[in-house]
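Undergrad: mind looking at a prediction? Sequence and model below.
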Amino acid sequence: MKDATKRIQWLESMRELNKAKKVKKPKLISMKIDPDLLEAFKLKCEIEKRPYTTRIKELMQEYLEKGQ
C-alpha cells in the first residue's frame, strides 16, 4: 500500500510541475498543398532521412530568424 501512495504522490507532484511550466501543446493545422509539391518534398526528405513535418517546422523557424 505504501508503494501505491508514493506513486500517487509522485504523479501529483509531476502534475503540479507541468502546470507550473505551462507547457504548450503543439497546434494541429490543416493546409491545402499541391499534391505534386508535397510528394516531391516528402521524397526529398526521405532521401535525407528526415521526417517531412520536422523539416517544415525547421523551414518555418529559419524563415522567422532570417527576418531579424
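TA: Everything's here; your move.

Undergrad: okay, CA-based contacts and neighbour counts for the rest of this
TA: OK.

Undergrad: how near is the most centrally placed residue in the chain to residue 64?
TA: Nearest to the geometric centre of the chain sits residue 26, at 5.4 Å (CA atoms, centre = their mean). Relative to residue 64, residue 26 is positioned 18 Å away (CA to CA, to the nearest Å).

Undergrad: helix or strand for the residue nearest to the centre of the chain, which one?
TA: For residue 26, there is no host helix or strand (DSSP states H and E).

Undergrad: and the gap between it and residue 57?
TA: 11 Å.

Undergrad: export only the CA atoms of the lowest-mean-pLDDT helix or strand in the chain, formatted as PDB.
TA: The weakest-scoring helix or strand in the chain, judged by mean pLDDT, DSSP states H and E, is helix 2-21 (a mean of 78). Extracted in PDB, the C-alpha atoms of helix 2-21 (Å, rounded to 0.1, in the frame of the first residue of the first chain):
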ATOM      1  CA  LYS A   2       2.900   2.400   0.700                       C
ATOM      2  CA  ASP A   3       4.200   1.900  -2.900                       C
ATOM      3  CA  ALA A   4       0.800   3.000  -4.300                       C
ATOM      4  CA  THR A   5       0.700   6.000  -2.000                       C
ATOM      5  CA  LYS A   6       4.200   7.000  -3.100                       C
ATOM      6  CA  ARG A   7       3.300   6.600  -6.700                       C
ATOM      7  CA  ILE A   8       0.200   8.700  -6.300                       C
ATOM      8  CA  GLN A   9       2.200  11.500  -4.600                       C
ATOM      9  CA  TRP A  10       4.800  11.300  -7.300                       C
ATOM     10  CA  LEU A  11       2.200  11.600 -10.000                       C
ATOM     11  CA  GLU A  12       0.500  14.600  -8.200                       C
ATOM     12  CA  SER A  13       3.900  16.300  -7.900                       C
ATOM     13  CA  MET A  14       4.600  15.800 -11.600                       C
ATOM     14  CA  ARG A  15       1.200  17.200 -12.500                       C
ATOM     15  CA  GLU A  16       1.800  20.300 -10.400                       C
ATOM     16  CA  LEU A  17       5.300  20.700 -12.000                       C
ATOM     17  CA  ASN A  18       3.700  20.500 -15.500                       C
ATOM     18  CA  LYS A  19       1.100  23.100 -14.600                       C
ATOM     19  CA  ALA A  20       3.800  25.400 -13.300                       C
ATOM     20  CA  LYS A  21       5.800  25.100 -16.600                       C
END
